[in-house]
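Asks: how does the following fold in three dimensions:
(chains A, B and C)
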Amino acid sequence: MLRFVLGRLAVLIPTFIGVSIIAFAFIRVLPGDPVMLMSGERVMAPERYEKISHELGYDRPLPVQYFDYLTDVLSGDFGSSIVTKRPVLDDFLTLFPATLELSLCAILLAVFIGVPAGVFAAIKRGSFFDQAIMSTALVGYSMPIFWWGLLLIILVSGTLGWTPVSGRISLLYYFPSVTGFMLIDSLLSGQAGAFKSAVSHLILPTIVLGTIPLAVIARQTRSAMLEVLGEDYVRTARAKGLPPFRVVGIHALRNALIPVVTTIGLQVGVLLAGAILTETIFSWPGIGKWMVDSVFKRDYPVIQSGLLIIAGIIMLVNLLVDLLYGLINPRIRH
Amino acid sequence: MALLEIKNLTVTFDTAAGPLRAVDGISLSVDAGEVLAIVGESGSGKSVSMLAVMGLLPWTATVKADRMAFEGRDILNLSPAERRRIVGKDIAMIFQEPIASLNPCFTVGFQIEEALKQHMGLDRKARRKRAIELFAAVGIPDPEDRLGHYPHQMSGGQCQRVMIAIAIACNPKLLIADEPTTALDVTIQKQILDLLMQLQAEQGMGMIMITHNMGVVAETADRVIVQYKGRKMEEAGVLSLFETPEHPYTRALLSALPENATGDRLPTVSDFAFEDAPYKGDRA
Amino acid sequence: MTDASATQAKMQDPSRSARLAEFWYYFSENRGAVIGLVFFILLVILALAAPLIAPHAANAQYRDAILVPPYWQEGGRAAYLLGTDAVGRDMLSRLLFGARYSLFIGVVVTLLALTSGILIGTVAGYFRGWADTAITRVMDIILAFPSLLLALVLVAVLGPGLTNAMIAIALVQQPHYVRLTRAAVMAEKNRDYVTAARVAGAGNLRLMFRTILPNCTAPLIVQAALSFSTAILDAAALGFLGMGAQPPTPEWGTMLAEAREFILRAWWVVTFPGLAILITVLAINLMGDGLRDALDPKLKRS
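Replies: Next up is the predicted model:
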C-alpha cells in the first residue's frame, strides 16, 4: 500500500511542476507585455516601466523568475490581485467554501440518484425502466448546463416563484461566516428562516451542477453492474440461496463500485468546469465566478495562481480517489 | 423415494438468432448417498440442466419439466423465497473456476459465514467456530488465520477447498459438482476428488458429478448418464458402461482418450464415426 | 438462425463492403443510434440550405418587431415563426445559420485534435523511451486542468473570438486522442503482422501509419464522435461566457449570452438556442453510442 502511494506521488510531483510552468508561462510566453499586463496599466513613462519591471522581477532571466515564483508559491505566496490588491490566496480561501458547498451537494445528488438508477437499470436490463433511465441519462449527459440553468430559472423561479434567482442567501439575513458553508452557518446563527433561505438558494445550482455527473455515474454504474452480474461469484452468491437484494446490493454492487468510484473521482474536474458556468448563471460567489471575472478584468496574477490552485486541488482529489480505490479493492491493498 | 427426480427436462434460451434448445428431454434421478456422473462434451447441456435445478439460469432461459422434485417435493413451482430455503442448504453446488467463483471483494471467512447465517441461524461466535471446523474438514491448514484471507491470496486448489467448505456448510443432502477439478493442476485434481468422495461417504450425501473426464467417472460414480447435444444417449451402472458401452456415442467418447492417439494429433469424438442414434434405454 | 449465419458469413469476409455491411448491421440494431443519425443528417441539410430556406437574413433587424413571441402565442406573427430577439432579428433564421457554426466548430475542432493527437500518440507509442515519457507527462499536465477553465484562459490570452476558441478547445481535447492512440499502437506494435512487415523491409513511417494505425481506428472513431459533441458544447459555453464567437454572430451560445437579460420576459429567446444545442449534441451522442456498440468487439454479441 505504501508503495502504491509513493508511486502515485512520484508521478504527481513532476505533473505539479509542469502545471506550475504552464501557469507561469501563460503570462510571459503569450502575446502582450508582461509588465503592462501584471501592473494593469496601459500607458507609462519609461522610467516607471523600468521601476515596475524591476519590482516585479521581470528584468531577470526567465528561469530565475520561474524559480522565484515557485519558491513563493511553495511558501504560500500566490501574489496579489491587480484589482482588489488583496493576496490571491486570501480571496481564494474566502470564496472556495462556496464552491465546495455547491460541489459537495451536487456530487451527493449525483451519487445518491445515479448509483441506484444505474443498478436498477442493470437489473431490469432491456425493460421500459432501463430504456427510460438510460434515455434520461443521455439527455442529461448532452445538456448544455448554462442553458439548463436559465431554463430552470424561467420555470422554477419565474413561472412558479419557488426559488430565488441568485446568490447564496437572502439579503435579509446577516451573520458572521464561521465555517464558510452557508447551510451550517445559517443554522449556527439561530436566525429564523435563515437555513430555509440558504437551502432554497442552493437547490437550483445543485441540480444544474449535478446533472452531468449524475448522468455519467448512472451510465457507468449500469455498465459496471451488467459486467459484474455475469461473473461467477454472483452465481455462487445465488447458489448459496441468498435473497436477491443481498446478491445484487452486496456481492454485485461491491465489485461494481470499484470502477464507479474512479468515475466519481473524475467528476471533480467536471464539477469545477461546471462551477464556472453554474456560478456565473446564479451569481454564486465561488471560485468559478472569481476566475471568469478575473479573465474579464485581465487580472493576470489571479488567473495564473487560480489556475495553479485549481489544478492542484484536482490532482490532490485524484490522489485521494486513487487511495480510496486501493482501499475498496482488496486486490490492490494486499 | 429418490432424492432428486427429474422427468423430461427441457431448457430453451432466447438468443438474437432465435430459440436455442440446450437441454432436450432429460430425465434422471439420484438417491440419497448415491453418486451419479453426467458426462459429455462441452456444449452437451450437462451444466445447464443442473443450473436449472438450482434455479441459476439467466432470465433468457425457459425451463420446462414434467416433474422436478426434491425429496418428493416439486421445486419447479415453488416461490423464489421457498426455493432459496432449499438451494444452498439442502442442495449445494460447486463450480469449475474456483477463483472466479469466490467474490474478490470479501474475505473467504465472510463468504462462508454468510451461508451459515442465511440458513442455520447461528450467532456470530457459533458461525466462526463452525467456519473453522469446516475449513479444517476440507483440509485448509491454519484455518483460523485463513478466514481473513481474500480469494486472490489463495491458490486455485485452496479456493476450491473453500468452495467445498461453503457447499457443505449447511449439511446438504445433495451436492452438485460441476467439473470441480477441470481448472486445477493435475496434482491437485486427485486431492480434491478424494476430498469430495470422503465427504460424500462421511455425510451420506447424494452427489451429481458433472465431468467430461472418463477417469473421474471411473473413480467416483455409481451410475453414469452420457449426454450429447442436450439429449441423454445412455444411462448405465459404471461397470457396465465401461465394459459394454451400448450407444455408439459412448463408444466414441471412450475411444477419444490420449492413449489412442496416432502421430501428433489427439483423437476427438468425431474421429469415431457414429450415427445420431436414439436413446437406447436405461440399464441397471 | 439464418440471420445469425448471415452475420457469421459477413464477419468472416474480409472485403471492405462486407465489413461496412457488418458495421451497419450492428449500428442499425441500436434504435437510438439510427434516430440520432437521421437527426444529424437533417441538421446538416438544414445548415447547408440555411441561405435558401431561412425566411430572413441572420442579422436583419426589424425595428417594428422587437421581442415578438412565437407565432402560436398571443401577439405572435407568422413572419417570425419562433419569434424575434431584443433587436428584432428572426429567431428561426438565426438558429438555422447558427447550425452552420456549430457543425463547423465540431468538424474543425475534431479534425485538429484528431490529427495532432494521432501524430503525437503514434510517435509516443511507437518509439517509447524518452519521447514517450515527455509526451505522456505533458498530456497529464494538460489533463490536470478542468478543460473549460483551460480553454477559457487560453482564449482570454489569445483574444476572444471563434477561431481562438476552436484552437483552445482542440488543444484541451487532443490529450484524449494521444492517450488512445498511444495505447492502441503499443498493443499492436508487437503483433506478428507488424514484425512481418518490418522483416519485409518497411520503414518506420510506413510501419507507423500504413501498417499499425489502420488497426487502431475503432476507439478513435468513437472518441471523435464524443469530442464532436463536446466541442459544440464547449464552444457554446465559451460563447455564453462572452469568450467565443462575438456578437452579432448567430452562434447558439452567443445568442444565449445576449438573451440572458430577457429570461424572465421573453422565454423564447433563451429556450430555442439551448434546445438547438441540446438536440444537436444529443443526436451526436446517440450516434456515438451506436458507433461504440458497432465497433467495440468486446460488446458484440453480448
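Asks: going forward, measure contacts between C-alpha atoms and count neighbours the same way
Replies: Will do.
Asks: hey, which helix or strand in chain B has the poorest pLDDT?
Replies: helix B:248-255 (a mean of 77; mean pLDDT, DSSP states H and E).
Asks: check which helices and strands it sits against.
Replies: strand B:231-237 (3 or more Cα pairs under 8 Å, 6 or more residues apart in numbering or on different chains; DSSP states H and E).
Asks: avg pLDDT for the strand it packs on?
Replies: Confidence over strand B:231-237 (mean pLDDT, whole number) is 85.
Asks: now swap in stretch C:42-54 and tell me
Replies: On average, stretch C:42-54 scores 92.
Asks: who touches that stretch?
Replies: C:57, C:92-93, C:96-100, C:103, C:280 (Cα atoms under 8 Å, 6 or more residues apart in numbering or on different chains).
Asks: sitting in strands, which of the residues you listed do you find?
Replies: Among the contacts of stretch C:42-54, none falls in strands (DSSP state E).
Asks: and which of these is nearest chain B?
Replies: residue C:280 (31.7 Å; Cα to the nearest Cα).
Asks: OK, contacts around that closest one?
Replies: Taking Cα under 8 Å, 6+ apart as the test, what residue C:280 contacts is C:39-40, C:43, C:229.
Asks: who wins for most neighbours among the residues you listed?
Replies: With neighbours defined as other Cα atoms under 10 Å in any protein chain shown, the most crowded of those is residue C:229; it has 27 neighbours.
Asks: need the three-state assignment for it.
Replies: helix (DSSP: H, G, I helix; E, B strand; the rest coil).
Asks: which helices and strands does the one helix or strand residue C:164 maps to pack with?
Replies: Applying DSSP states H and E as the criterion places residue C:164 in helix C:162-189. With contacts taken as 3+ Cα pairs under 8 Å, 6+ apart, helix C:162-189 sits against helix C:91-127, helix C:129-143, helix C:147-158, helix C:217-240.
Asks: now the element after that helix, going C-ward?
Replies: By DSSP H and E, the next helix or strand past helix C:162-189 is helix C:192-199.
Asks: quick one: mean pLDDT over the helix or strand following that next one.
Replies: Toward the C-terminus, helix C:192-199 is succeeded by helix C:204-206 as the next helix or strand (DSSP H and E). For helix C:204-206, mean pLDDT is 87.
Asks: I'd like to know how many residues surround residue C:295.
Replies: 20.
Asks: which is the next helix or strand following the helix or strand bottoming out on mean pLDDT in chain A?
Replies: Here the helix or strand of chain A ranked lowest by mean pLDDT, DSSP H and E is helix A:34-39, holding a mean of 65. The first helix or strand that comes after helix A:34-39 along the chain, using DSSP H and E, is helix A:46-56.
Asks: which secondary structure elements does that next one contact?
Replies: Against helix A:46-56 (3+ Cα pairs under 8 Å, 6+ apart) you get helix A:34-39.
Asks: low-confidence regions, the chain specifically.
Replies: Unless you meant another one, I'm taking chain A. A:1, A:29-42, A:333-334 (pLDDT under 70).
Asks: my question was about chain C
Replies: Using pLDDT under 70, chain C drops low at C:1-14, C:297-302.
Asks: list the buried residues for stretch A:64-78?
Replies: Going by neighbour count (16 or more other Cα atoms under 10 Å in any protein chain shown), the buried part of stretch A:64-78 is A:65, A:69-70, A:73, A:77-78.
Asks: likewise stretch C:158-170?
Replies: Neighbour-count burial for stretch C:158-170 [16+ other Cα under 10 Å]: C:158, C:160-170.
Asks: ok, residue C:45 to chain B distance?
Replies: 35 Å (Cα to the nearest Cα, to the nearest Å).
Asks: in three-state terms, label residue B:240 for me.
Replies: Classified using three-state DSSP, residue B:240 is helix.
Asks: burial measure for it, as a count.
Replies: 15.
Asks: confirm residue A:167 sits in a helix?
Replies: No: counting by three-state DSSP, residue A:167 falls outside a helix, being coil.
Asks: how distant is stretch C:80-100 from the center of its chain?
Replies: Centroid displacement of stretch C:80-100 relative to its chain, using Cα atoms, centre = their mean, to the nearest Å, is 23 Å.
Asks: got the buried residues for that stretch?
Replies: For stretch C:80-100, by 16+ other Cα under 10 Å, it's C:80-86, C:88-100.
Asks: likewise for stretch B:61-74?
Replies: B:61, B:63-64, B:67-70.
Asks: make a markdown table from those and add secondary structure, pLDDT and distance to residue B:11 to it.
Replies: Shown next, in a markdown table, are the buried residues of stretch B:61-74 (DSSP: H, G, I helix; E, B strand; the rest coil; pLDDT from 0 to 100; distance: Cα to Cα, whole Å):
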| residue | secondary structure | pLDDT | distance to residue B:11 |
| --- | --- | --- | --- |
| B:61 | strand | 88 | 7 |
| B:63 | strand | 91 | 5 |
| B:64 | strand | 90 | 6 |
| B:67 | strand | 90 | 13 |
| B:68 | strand | 91 | 13 |
| B:69 | strand | 91 | 16 |
| B:70 | strand | 91 | 18 |
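Asks: which of those residues lies closest to residue B:219?
Replies: residue B:70 (26.2 Å; Cα to Cα).
Asks: so who does residue A:70 touch?
Replies: Contacts of residue A:70 (Cα under 8 Å, 6+ apart): residue A:20.
Asks: send me the helix or strand encompassing it as PDB with only the CA atoms.
Replies: Using DSSP H and E, residue A:70 sits within helix A:62-74. Taking C-alpha atoms only, helix A:62-74 is exported to PDB below (Å, rounded to 0.1, in the frame of the first residue of the first chain):
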ATOM      1  CA  LEU A  62      13.100  33.700 -17.200                       C
ATOM      2  CA  PRO A  63      14.300  30.600 -15.300                       C
ATOM      3  CA  VAL A  64      15.200  32.800 -12.300                       C
ATOM      4  CA  GLN A  65      11.800  34.300 -12.500                       C
ATOM      5  CA  TYR A  66      10.100  30.900 -12.600                       C
ATOM      6  CA  PHE A  67      12.200  29.600  -9.700                       C
ATOM      7  CA  ASP A  68      11.300  32.700  -7.700                       C
ATOM      8  CA  TYR A  69       7.600  32.200  -8.500                       C
ATOM      9  CA  LEU A  70       7.800  28.500  -7.500                       C
ATOM     10  CA  THR A  71       9.600  29.400  -4.200                       C
ATOM     11  CA  ASP A  72       6.900  32.000  -3.500                       C
ATOM     12  CA  VAL A  73       4.100  29.500  -4.200                       C
ATOM     13  CA  LEU A  74       5.600  26.800  -2.100                       C
END
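Asks: what angle do helix A:46-56 and that helix make with each other?
Replies: 60 degrees (axes from the mean of the first three to the mean of the last three Cα atoms, to 10 degrees).
Asks: which two from the buried residues of stretch C:158-170 end up farthest apart in space?
Replies: The widest separation within the buried residues of stretch C:158-170 (Cα to Cα) is 15.3 Å, between C:160 and C:170.
Asks: could you pull out the helices in the stretch 1-150 of chain B for me?
Replies: B:46-54, B:80-86, B:98-101, B:108-120, B:124-137, B:143-146 (DSSP state H, counting those that start in this stretch).
Asks: mean pLDDT, mean neighbour count and distance to residue A:210 added to the ones you listed, as a markdown table?
Replies: Output for those, formatted as a markdown table (pLDDT from 0 to 100; neighbours: other Cα atoms under 10 Å in any protein chain shown; distance: least, Cα to Cα, whole Å):
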| stretch | mean pLDDT | mean neighbour count | distance to residue A:210 |
| --- | --- | --- | --- |
| helix B:46-54 | 91 | 22 | 43 |
| helix B:80-86 | 90 | 17 | 38 |
| helix B:98-101 | 92 | 22 | 36 |
| helix B:108-120 | 92 | 21 | 36 |
| helix B:124-137 | 92 | 17 | 42 |
| helix B:143-146 | 91 | 16 | 44 |
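Asks: ok, which of the ones you listed comes nearest chain C?
Replies: Here helix B:46-54 is closest among the helices of the stretch 1-150 of chain B (Cα to the nearest Cα), at 18.5 Å.
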